[in-house]
Structure formats: C-alpha cells, structure tokens
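Enquirer: For reference, the sequence and a predicted model appear below.
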Amino acid sequence: MSMRLTEHAVFDIDGSGSDVGGTTISTAYRSMEDFARVMAYIELGTWNATDDLDHGRLEAAQDTSGTGLGELTSDAAAGNYDTDNPLDADGDFLIIEARAEDLDVEGSDVAVRATAGEDGNSGVDNVTVVLVTYGSSYPQKELQGAPVTGSKVYADPST
Amino acid sequence: MITVIKGNKREVPPMLPPLVWWEQVMEAEASDLSWMLWYDPLLEYLPPDDLQRVRAKARVWLLAMGEYPRDINCWWEIRQGRKARIIPLRDKGTVGAIQDDGVLICQECKARWSAQHDGSDHANRCKLCGCWWIHQVQPRPEEVRI
C-alpha cells in the first residue's frame, strides 16, 4: 500500500500568519466522510505580550456549507483547550486530534473545520491554522484535488 | 477520543515532529526516570506531576539530541510555574531589539513580541524565557557607519 500522504490525507490551511487580534479565523470545512481522523495544528507567530489565544477548537457541521455548526471540541476554562492556561507566546502550538466517531452522528455531522482567535487585540497576534484530515478508507492519488498547472502541483524527487 | 497537546516549538528537539515528540514524552513519563543524571535548579520548584513531565521531556531531548537540555526556561511547565508565581523571576538580562515595525525580538529566546496598538512601551520582561530586557531600537542599515 502506498505511503504517500497525499493518497491518505487532505490539508486545509488558514492564517499563514494572519493577525487574529479581536477576531477568529477558520479553515475551510472538510468532509470527514471516508476519513478516520482529523488533526488541527495551531501555531502562534509574532504575538502581543498582553494577549492570549482565546479560541482554539474543532467545529463540526452537517455539510461543508456549515449547516448546523457546533463545537466538536471546547475552548473554555477546563475545556479541551483550557483557556485558563492559554497559549501566549511566539512558537506556542496547540494540537487537537479527533476521530470520526467523535462526530455527533445523531446530529448528522460530517464536516469539520479548525478555528483560532484572540479577543483582546492589544497588538498584532499572528496565527497559522492547519487542518489535516487523514486515514482515508479509499486511498487514491491526489486526494487534495486534480493537479492544475501553476496552481495545484504535486512534486516529488522523481518528477 | 479527543487529544489536546500544548507546547512551544523550542522544547521540541529539532527535526522531531511534534506528535512523535509527544508520544515519546508520554511513554517516558510513564517510566521510571529516577536514574536520570540530570538536574536543573528550576526543578526544585515544580510539583510532582510537572516534575515528572519535565524529566520525561528531558529524556526525549537526550535521546534525540545526544545530550541533556541546557535551558528549559521556555518549557511549558516552567512558564506556567512563573505565571503561578511558584517559580521566581529569572535573574538574567538581555537586549530586546525593537525593529522598524515595532516588533521586539528577545535576544535570548528569539521570541517576537508585537507593539502595543495604543503606543505604550513594550513590557520589560520576556513572557517566554523570563529574561528582563534592555530595550534597544535597531538602527536602520543606512544609519550604521562602519
């Protein structure tokens, strides 16, 4: 079986160092149909000393349009992301892992996205958010989408 | 099952993926670490759980880097201890180099701290490594005379 990650996983990225001071950012919704696991990686860049990462969570919805959006993980005092012990410095990272069976099946949740944010906005607060959905039941090449010249490019040492 | 991991890149050995690092830390934490010949004065202040976690991280660092960590001031448990005031303030100074855009770069840990929107000064101590700062505005290249 191929071990190429592109045949087992898909990636969604938001932020790339976006300033989340006073706001939140989220990745696109990703359907977990036929995938086993999802992981959000949230990393702080240049950060303000007065601010904390107030939001770091996975959210779930009934479709990739965000219907019935709700929290899959919590970000609160003593929550999954404990905001009483927040990320608050350059280089801090938050990893949240979940499985398909954690989704609310009765609520028909199938899609997830990762969200990060900061409420205070005392200064620039840069965050990068990466969502990796993996463990495809049907590994196949180019799960991220068909290649497009100059836009969606797959490369490896043999190409 | 939901899993949440928090940390800073500086406590993860270079080239070790964070998830692999965490798995190794969990494995080391569950083992007997009393044999480790490693000591840092900061360990004196830690409660038992945090002490075991830090020692586990040190073991993982040893396996990855071939030597024990020399500076654990940026590690999560140490930072939380400083916030909780169970670890004293760090008695080390460094330069806080302020760039053109107002971002201050700590010369000890290289953390980047953004300027305050209200124009007030930067703090006088790094929240990440604990060093106190002498603020120094970086000269523009054209102002540097050789």
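Expert: Nice, thanks for sending it over. Residues are numbered from 1 along each chain as shown, chains lettered A, B, ... in the order given.

Enquirer: Packing partners of the worst-scoring helix or strand of chain B on mean pLDDT?
Expert: Counting by mean pLDDT, DSSP states H and E, chain B has its least confident helix or strand at strand B:132-137, which shows a mean of 87. For strand B:132-137, the packing partners by 3 or more CB pairs under 8 Å, 6 or more residues apart in numbering or on different chains; DSSP states H and E come out as strand B:93-98, strand B:104-106. For the C-beta atoms, the positions are set from N, CA and C on the backbone; glycine is no exception.

Enquirer: Name the nearest residue to B:Gly81, sequence neighbours excluded.
Expert: Nearest residue to B:Gly81, sequence neighbours excluded (CB to CB, 6 or more residues apart in numbering or on different chains): B:Ile87, at 3.8 Å.

Enquirer: Look through chain B and tell me its longest helix.
Expert: Ranked by residue count under DSSP state H, the longest helix found in chain B is helix B:48-65.

Enquirer: contacting residues around it?
Expert: B:11, B:13-16, B:21, B:24-26, B:28-29, B:31, B:33, B:36, B:38, B:43, B:46, B:68-69, B:72, B:75, B:77-78, B:80-81 (CB atoms under 8 Å, 6 or more residues apart in numbering or on different chains).

Enquirer: And the average pLDDT for that helix is what?
Expert: The average pLDDT within helix B:48-65 is 96.

Enquirer: Tell me which residues of that helix come out buried.
Expert: B:50-62, B:64 (16 or more other CB atoms under 10 Å in any protein chain shown).

Enquirer: Dump it to CSV, restricted to CA.
Expert: Output of helix B:48-65 as CSV, limited to C-alpha atoms (Å, rounded to 0.1, in the frame of the first residue of the first chain):
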residue,chain,number,x,y,z
PRO,B,48,5.4,16.2,41.3
ASP,B,49,3.4,15.9,38.2
ASP,B,50,5.1,18.7,36.4
LEU,B,51,8.5,17.4,37.6
GLN,B,52,7.8,14.0,36.0
ARG,B,53,6.7,15.7,32.8
VAL,B,54,9.8,17.9,32.6
ARG,B,55,12.1,14.9,33.3
ALA,B,56,10.3,13.0,30.6
LYS,B,57,10.8,15.8,28.1
ALA,B,58,14.5,15.9,29.1
ARG,B,59,14.8,12.2,28.4
VAL,B,60,13.3,12.6,25.0
TRP,B,61,15.6,15.6,24.4
LEU,B,62,18.6,13.3,25.4
LEU,B,63,17.5,10.6,23.0
ALA,B,64,17.1,13.0,20.1
MET,B,65,20.0,15.3,20.7
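
Enquirer: Can you name the element that comes right after it?
Expert: The first helix or strand that comes after helix B:48-65 along the chain, using DSSP states H and E, is helix B:76-83.

Enquirer: what packs against that following helix?
Expert: Going by 3+ CB pairs under 8 Å, 6+ apart, helix B:76-83 lies up against strand B:3-8, helix B:48-65.

Enquirer: buried set for stretch B:119-131?
Expert: B:His122, B:Ala123, B:Arg125, B:Cys126, B:Lys127, B:Leu128, B:Cys129, B:Gly130, B:Cys131.
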